[in-house]
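[1] next comes the sequence, and after it the predicted model I'd like to discuss.
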Amino acid sequence: MQVKTFKGSSMNEVLRRVKAEFGEEAVIVSSRQGGGSGASTLLGKRVIEVTAAMPAGAAVAAGGSSRPITRTDPGQARTAERTLKVTHGEPETANLEIHRLSSDLREMRHTLSDVSRRMRHDHSSWGDSRSAEAFESLLGAGLGRESSGEVVEEARENLAAVEGDFERSLKASLARRLRCAGRPQNRRAGRPLILALVGPTGAGKTSAIARMLATSDAFAGRKAGVLCLDTRKIAAVDQLKSLSRILKFPLAVAWRAGEVRRAMDQLSGCEVILVDTPGVHPARKTELEALRLRLEAVDPQEIHLVQHGGLRLSEQQRFCEGCRELGAGRLLVTHLDECAAPGGLVDLCEKTGLALSWLGTGASVREALRLARPDELADWILQPARLQSLLEEA
């Protein structure tokens, strides 16, 4: 097979050259614009490059083929050229072109989907002020533009189910997008429910554990104990020891990785074991790996990533993605009283795949930790003034 690259200022010109040299049996391998170099590029002239091949054994008549090569729609012609190549090319070339054709089709579908989505959520076409106001309100609460448009559109479509009550429909639409995990369930017969809390330093892991233990209905009256893996700081162990005396829960400390099993045996009488871990940062891979190995020895049913609600959404997403290798499937958000854009939690959970578990406000152990519930969170996002009352009811 002979392969050659042809150049020209237009596609028709280049295809004429291909036909003149290789004839109608020519196979178009690739084409691109802007591949020129030197003066033509510097002067801003368009350069078309076409790489063509002549299959082995193909005869080329003098002057090329007498039938003209036509080109109408560029996308259609490109597909036709690649289809020709798949039909007449070598097996390896055919497989490559099938892959390229599939990629082109996927790209076209994504483009059409994006255009359709933008048209669908163009709130200027809704024709009523309440929809536009709800859209702007959701944007102000921290939801992304696409999510806000989808929530409002769904609310408009479901008005009949709520007797035309737009506010009620909007709240229901938002609640359906909120990923909440609900109360932890033990699905391992004969073993305690083990929950591990991971996250950056200062996120509130130890305080969250204390609040769970101080909340009478957190685990439906089941006996709970604490396993401490945070031995890098003596203060962390001392804090848990003090809380253990005050709240009267059993505490075991694993000072080294090899002591995890012994520490777990000390909590054998507990139905629930909460695991406190050292603070980690996504950039410190060695610390992440060390913690991952310890968690493997503990074998928790659920791993909750603890995040400070006052962080920017981009920062929270970076921590979520960076700590993904630890196996976290739940998101526990603290300091919600410092969260300026609570609606961002909707997009955060959708992008990371995490489900909200508990929500907390303030730094005091006396302040309640509350199970995340979609309807209450939706109410809070739509009416931020209700945050304090929602989180202090428990």
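    It's in.
[2] when you work out contacts or count neighbours from here on, use the C-alpha atoms and nothing else.
    OK.
[3] the spatially closest residue to R191 that is not a sequence neighbour: what's it in contact with?
    In space, and not counting its chain neighbours, R191 is closest to E271: 7.6 Å by CA to CA, 6 or more residues apart in numbering. When the contact criterion is CA atoms under 8 Å, 6 or more residues apart in numbering, the partners of E271 are 191-193, 222-224.
[4] ok, now with 10 Å
    By CA atoms under 10 Å, 6 or more residues apart in numbering, the contact set of E271 is 186, 190-194, 219, 221-225.
[5] weed out the non-buried ones from these.
    192-194, 219, 224-225 (16 or more other CA atoms under 10 Å).
[6] which among these gets closest to L336?
    F219 (22.4 Å; CA to CA).
[7] on that earlier part again, inside helices: which ones of the contacts of E271?
    Taking DSSP state H, every one of the contacts of E271 sits outside helices.
[8] where's the residue nearest to R191 relative to P192, distance?
    5 Å (CA to CA, to the nearest Å).
[9] any weak-confidence spans in the protein?
    Regions of the chain meeting the criterion pLDDT under 70 cover residues 1, 34-46, 55-104, 110-127, 216-217, 362-368, 385-394.
[10] where do the domain boundaries of this protein fall?
    When the chain is parsed with automatic domain parsing, its domains come out as 2-115, 123-177, 193-392.
[11] now do the shared contacts for E271 and P192.
    In contact with both E271 and P192: 186, 222-224, using CA under 10 Å, 6+ apart.
[12] looking at these, which one is closest to S357?
    N186 (15.0 Å).
[13] quick one: residues contacting that closest one.
    192-194, 271-272, 301-302.
[14] farthest pair in these?
    Between all members of the contacts of N186, the farthest pair (by CA to CA) comes out as E271 and E302, at 14.5 Å.
[15] in this structure, which spans are strands?
    2-8, 27-33, 48-54, 193-198, 224-228, 251-253, 272-276, 302-308, 330-334, 355-360, 369-371 (DSSP state E).
[16] what's the closest of the ones you listed to A175?
    A175 sits nearest to strand 355-360 of all the strands of the chain, at 12.5 Å, using CA to CA.
[17] quick check, distance from that closest one to the centre of its chain.
    17 Å (CA atoms, centre = their mean, to the nearest Å).
[18] does A196 touch I273 like I think?
    Yes: using CA atoms under 10 Å, A196 is in contact with I273, at 8.3 Å.
[19] contact partners for G204?
    197-198, 210, 279, 306-308, 332-335, 360, 362-363.
[20] I'd say P250 and G225 touch.
    Yes: with contact defined as CA under 10 Å, P250 reaches G225; the gap is 4.9 Å.
[21] shared neighbours, these two?
    Residues touching both P250 and G225 (CA under 10 Å, 6+ apart): 244, 266-267, 269-270, 273.
[22] returning to what we had before: wait, which of the shared contacts of E271 and P192 is closest to I381?
    Nearest member of those to I381, counting by CA to CA, is N186, at 31.0 Å.
[23] separation between the closest one and C320?
    25 Å.
[24] likewise V272?
    V272 is 25 Å from C320, by CA to CA.
[25] more crowded one of the two?
    Ranked by neighbour count (other CA atoms under 10 Å), V272 and C320 place C320 first, with 25 against 20.
[26] wait, what's in contact with that one?
    Counted by CA under 10 Å, 6+ apart, C320 has contacts 199, 282, 305-307, 314, 328-329, 331, 348-349, 351-354.
[27] ranking by neighbours, what's the top pick from the residues you listed?
    Most surrounded of these: other CA under 10 Å gives L331, at 30 neighbours.
[28] show me what that residue bridges to in the sheet.
    With DSSP bridges as the criterion, L331 is bridged to L305, L356.
[29] verify the contact between it and C323 for me.
    No: with contact defined as CA under 10 Å, L331 does not reach C323; the gap is 11.5 Å.
[30] what touches both of the two?
    198-199, 305.
[31] E163: which of the shared contacts of P250 and G225 is nearest?
    For the shared contacts of P250 and G225, the nearest to E163 is I273 (46.9 Å; CA to CA).
[32] from E21, how far out is the closest one?
    78 Å.
[33] the two: which is more packed in?
    Neighbours per residue, other CA under 10 Å: of I273 and E21, the larger number sits with I273, 23 against 18.
[34] please consider this matter closed, and thank you.
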